[in-house]
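# Turn this into a model:
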Amino acid sequence: MSPRNLGRVGIGIVAALAILVTYMLVQWFVIRQEVNADDLLVLVRKTGKTIPTDLGEEFQDQTVLYPALLDKLAEREGFDLPSDEKELAALRKKITNRYKGIVLEPLKEGRYYPNPYTFKRVRQRVTIVEEGEVGVLIRKFGKSLPFPKTVATADDERGPVADFLGPGRYYVNKLAYDVDVFPAIQIPEGHVGVVTLLSGNKPQITNTYTVGAGEQGVQKQTIGPRLEFYNPYLKKIDIVDIRNRTYHMLGKDSIHFPSNDSFTISIEGTIEWSILPHRVAEVTVAFGDEEDIINKIILPYARSISRIEGSKLQARDFIGGKTRTQFQEQLFEELRAACAERGIKIHAALVREILPPPEVASLISQREQADQEMDRSRNQIDEAQAEARLVEQREMRSRNAALGDARTQTVSVTKEAEQRKVISVTQANKRLEVARLNLEASSKQASAMLARGEADANVVLFDYQARAEPLKNAVDAFGGGMVYAQHFFLRKVAPSIQSVLSNTEGPFADIFRSFQDFTPSVQSITEGSDQ
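Okay, here's the model as predicted:
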């Protein structure tokens with residue numbers, strides 16, 4: 001290869017290296033996007049086809065490339081929508097790369113290389129819903145909500161999304177969604193939440209205060225005490241107190257009615273009431289809050305019943321305690337029955353004071369005082385009679401006490417004698433048992449001594465028998481006692497004779513040496529012996 005060609009090759013290699021290095025530098029310093037944990041990256045495609053305006057009314061003015069729009073564009077370009085989810089996702093990605101618009105799915109934490117010529121890169125912060133809060137997505141794309149829906153239940157509907165976001169971190173594309181944050185509602189103890197669905201199915205039964213579950217309107221089922229997370233665009237929750245409450249009919253709120261004799265009677269009282277838990281929603285819708293319930297139900301019924309029952313009595317009847325008690329009981333029973341039909345439970349209806357007209361109050365008071373004086377006289381007579389009966393009872397108690405003491409003393413003496421008898425018999429039995437035990441012990445001790453003596457005698461006997469047995473066996477072996485005695489004597493004497501005869505020293509040996517000097521012949525000895 002010629003030097004000129006080598007130079008051209010070298011220049012080409014250097015140029016290629018320069019282009020490669022430039023490309024790598026551009027990729028690293030210009031195109032590279034590092035997305036942190038608290039960030040996200042939204043891509044807006046700047047190149048490609050513009051979304052057509054003849055797709056239909058629901059696709060007008062769309063800037064977000066969402067799934068329903070991509071499917072419509074794919075059908076427009078002649079693609080058949082596959083049933084397989086993976087193939088459908090691949091087709092949607094392919095269509096996304098052909099049209100301008102906002103890419104729906106944001107890029108989460110990581111490293112990316114989006115082409116800045118093709119895409120506009122928008123950095124956003126992650127959405128954080130704090131503890132005790134709820135987030136609602138407001139979708140900016142899709143078709144408008146049909147009346148009377150207030151929330152979007154389908155993926156291609158624009159407006160507040162039905163599902164809410166609980167506390168946590170969310171990667172929300174804020175070019176496609178807005179996020180409204182609301183506080184969760186705390187339903188305290190003794191209260192319930194009445195739920196009103198702002199969007200739902202059409203009620204099957206109309207002209208009712210409450211509707212069925214999932215139907216648009218006030219729900220019959222209430223929510224108990226708790227922290228409730230909910231979508232304010234989907235439902236409304238009103239907190240209702242179901243604890244016992246007290247209404248005081250005093251002053252201008254007291255009840256006024258004419259008596260049977262045309263006198264005006266004023267009654268002050270107290271009514272304790274509450275809402276029936278299973279009818280809270282119905283009562284809230286039909287009548288309203290606490291003040292409405294008092295003015296529309298409790299107070300009208302209390303006035304009506306008081307006037308009806310009070311007109312049956314004369315003015316003086318309201319002074320007596322018995323008539324007043326009966327009037328109070330009648331008022332309570334009828335008021336409880338009437339309010340129960342409206343969902344209100346009456347716990348108590350107390351008449352605190354009944355005020356008769358002044359012109360009859362003094363006369364009635366004097367009459368009442370006279371009646372009270374008569375009652376006091378009767379009470380005094382009753383007290384005197386009671387005192388007499390008490391004295392009689394005291395005397396009877398004293399006599400009975402004396403009889404009781406005598407009986408007690410007799411019983412005590414009898415019991416004491418019986419106890420002494422039992423003690424004496426017990427001690428005698430005890431001494432008898434001790435003597436019997438001593439006798440048994442002495443008998444056993446004598447038996448033990450006799451057995452010990454017999455054992456000692458047997459030991460001595462067995463010892464002598466053991467010593468005599470060899471001697472008896474030896475006598476039997478020699479055939480008689482004389483022979484054994486000779487044998488025993490010879491056995492004892494033989495060693496001594498042998499020692500004497502074998503010893504050449506001593507007096508006994510001298511006797512035999514004297515015979516050595518005179519040795520007679522055998523014949524002379526024999527003859528001598530014959531003579």
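
# Centre-most residue in this structure?
Arg226 (18.4 Å; CA atoms, centre = their mean).

# Provide the secondary structure category for Ala349.
strand (DSSP: H, G, I helix; E, B strand; the rest coil).

# how deep is it tucked in, by neighbour count?
The local packing of Ala349 (other CB atoms under 10 Å) involves 26 other residues. (Glycine included, C-beta is placed from N, CA and C.)

# In this structure it contacts Ala337, no?
No: counting by CB atoms under 8 Å, Ala349 sits too far from Ala337 to count as a contact (11.6 Å).

# Please, where are all the strands along the stretch 51-200 of the chain?
With strands called from DSSP state E, counting those that start in this stretch, the stretch 51-200 of the chain shows them at 64-65, 101-103, 110-112, 119-125, 127-129, 133-139, 159-165, 168-170, 177-183, 185-187, 191-197.

# closest to Glu75 out of those?
Glu75 lies closest to strand 64-65 among the strands of the stretch 51-200 of the chain, at 14.9 Å (CB to CB).

# Could you list the residues in contact with the closest one?
Here strand 64-65 makes contact (CB atoms under 8 Å, 6 or more residues apart in numbering) with Arg45, Ile95, Thr96, Tyr99, Gly101, Ile102, Val103, Leu104, Lys140, Phe141, Leu175, Ala176.

# strands paired with that strand, and their directions?
strand 101-103 (parallel) (DSSP bridges).

# ok, and what's touching the strand it pairs with?
42-45, 51, 62-65, 96, 119, 173, 175-176.

# For the nearest residue in space to Gly132 that is not next to it in sequence, grab the count of nearby residues.
Spatial nearest neighbour of Gly132, chain neighbours left out: Ala184 (5.4 Å); criterion: CB to CB, 6 or more residues apart in numbering. Residues lying near Ala184 (other CB under 10 Å) number 16.

# what about Ala184, distance to Glu228?
6 Å (CB to CB, to the nearest Å).

# Please apply the same query to Ala90.
42 Å.

# what's the answer for Asn400, then?
Distance from Asn400 to Glu228, counting by CB to CB: 74 Å.

# Where helices are concerned, which of the contacts of strand 64-65 count?
Ile95, Thr96 (DSSP state H).

# Pick the one among the contacts of strand 64-65 closest to Ile267.
Lys140 (64.1 Å).

# circling back: which one of Asn400 and Glu228 is surrounded by more residues?
Between Asn400 and Glu228, counted using other CB under 10 Å, the more crowded position is Glu228 (17 against 10).

# nearest spatial neighbour of that one, skipping sequence neighbours?
Sequence neighbours aside, Ile185 is the residue nearest to Glu228 in space, at 5.0 Å (criterion: CB to CB, 6+ apart).

# quick one, what contacts Ala338?
Residues near Ala338 by CB under 8 Å, 6+ apart: Tyr301, Ile305.

# in what helix or strand does it lie?
Assigned by DSSP states H and E, Ala338 falls within helix 321-340.

# Which helix or which strand is home to Thr270?
Here Thr270 sits within strand 264-275, counting by DSSP H and E.

# pLDDT weak spots in the stretch 251-400 of the chain?
The stretch 251-400 of the chain contains residues with pLDDT under 70 at 319-321, 356-368.

# Then the chain?
1-6, 319-321, 356-368, 496-531.

# now do 90
Residue ranges of the chain with pLDDT under 90: 1-31, 53-62, 146-150, 199-202, 204-208, 214, 249-269, 303, 306-331, 350-531.

# Tell me which stretches of the stretch 1-150 of the chain form helices.
Applying DSSP state H, counting those that start in this stretch to the stretch 1-150 of the chain gives helices spanning 3-26, 67-76, 85-96.

# Of those, give the one that comes closest to Ala37.
Nearest of the helices of the stretch 1-150 of the chain (CB to CB): helix 85-96, 25.6 Å.

# which helices and strands does that closest one pack with?
helix 67-76 (3 or more CB pairs under 8 Å, 6 or more residues apart in numbering; DSSP states H and E).

# Give me the neighbour count for Ala315.
23.

# The residue lying closest to it once chain neighbours are set aside: neighbouring residues, count only.
Distances taken as CB to CB, 6+ apart place Phe263 nearest to Ala315, at 3.9 Å, with adjacent residues excluded. Burial of Phe263 is recorded as 16 neighbouring residues (other CB under 10 Å).

# ok, Phe263 to Arg76 distance?
Per CB to CB, Phe263 is found 91 Å from Arg76.

# to the chain's geometric centre, what's the distance from the helix holding Ala338?
45 Å (CA atoms, centre = their mean, to the nearest Å).

# okay, the angle between that helix and strand 264-275?
40 degrees (axes from the mean of the first three to the mean of the last three CA atoms, to 10 degrees).

# Distance of Asp155 relative to Asp39?
Taking CB to CB, one finds Asp155 at 26 Å from Asp39.

# Neighbour count: the two, which is higher?
Comparing Asp155 with Asp39 by neighbour count (other CB under 10 Å), the higher total belongs to Asp39, at 17 against 11.

# unless I'm mixing things up, the more buried one is touching Val122, no?
No: judged on CB under 8 Å, Asp39 makes no contact with Val122 at a distance of 10.7 Å.

# sorry, back to before: between the helices of the stretch 1-150 of the chain, which gets nearest to Glu58?
helix 67-76 (8.4 Å).

# how much distance is there from that closest one to the middle of the chain?
55 Å.

# With stretch 401-412 instead?
In terms of CA atoms, centre = their mean, the centre of stretch 401-412 is found 62 Å from the chain centre.

# Please identify the buried residues of that stretch?
Residues of stretch 401-412 include none that count as buried (16 or more other CB atoms under 10 Å).

# Ok, stretch 86-98 next?
Leu88, Leu91, Arg92, Ile95, Thr96.

# between the residues you listed, which is closest to Thr208?
Distances from Thr208 to these, taken by CB to CB, are shortest for Leu88, at 44.6 Å.

# Would you enumerate the residues in contact with Ser274?
Contacts of Ser274 by CB under 8 Å, 6+ apart are Ile242, Arg243, Asn244, Arg245, Ile344, Lys345, His347.

# Just want the angle from the host helix or strand of Thr408 to helix 321-340.
For Thr408, the element it lies in under DSSP H and E is helix 358-478. Per the same axes, to 10 degrees, the angle that helix 358-478 makes with helix 321-340 is 80 degrees.

# Neighbours of Val136, how many?
Val136 has 23 nearby residues by other CB under 10 Å.

# how about Lys492, secondary structure?
helix.

# same check, this time on Ala281
helix.

# Confirm for me that it is in contact with Ile223.
No: under the criterion of CB under 8 Å, Ala281 is not in contact with Ile223, lying 10.4 Å apart.

# re the thing from before, so can I have a markdown table of the strands of the stretch 51-200 of the chain showing distance to Glu309?
Formatted as a markdown table, the strands of the stretch 51-200 of the chain follow (distance: least, CB to CB, whole Å):
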| stretch | distance to Glu309 |
| --- | --- |
| strand 64-65 | 72 |
| strand 101-103 | 75 |
| strand 110-112 | 82 |
| strand 119-125 | 71 |
| strand 127-129 | 59 |
| strand 133-139 | 53 |
| strand 159-165 | 54 |
| strand 168-170 | 62 |
| strand 177-183 | 50 |
| strand 185-187 | 40 |
| strand 191-197 | 35 |
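
# quick revisit: out of the helices of the stretch 1-150 of the chain, which one sits most buried?
Greatest average neighbour count among the helices of the stretch 1-150 of the chain goes to helix 67-76 (a mean of 18), per mean count of other CB atoms under 10 Å.

# hmm, who's touching that one?
Against helix 67-76 from outside (CB under 8 Å, 6+ apart): 51-52, 55-56, 59, 62, 81, 91-92, 95-96, 98-99, 104, 141-142, 155-156.
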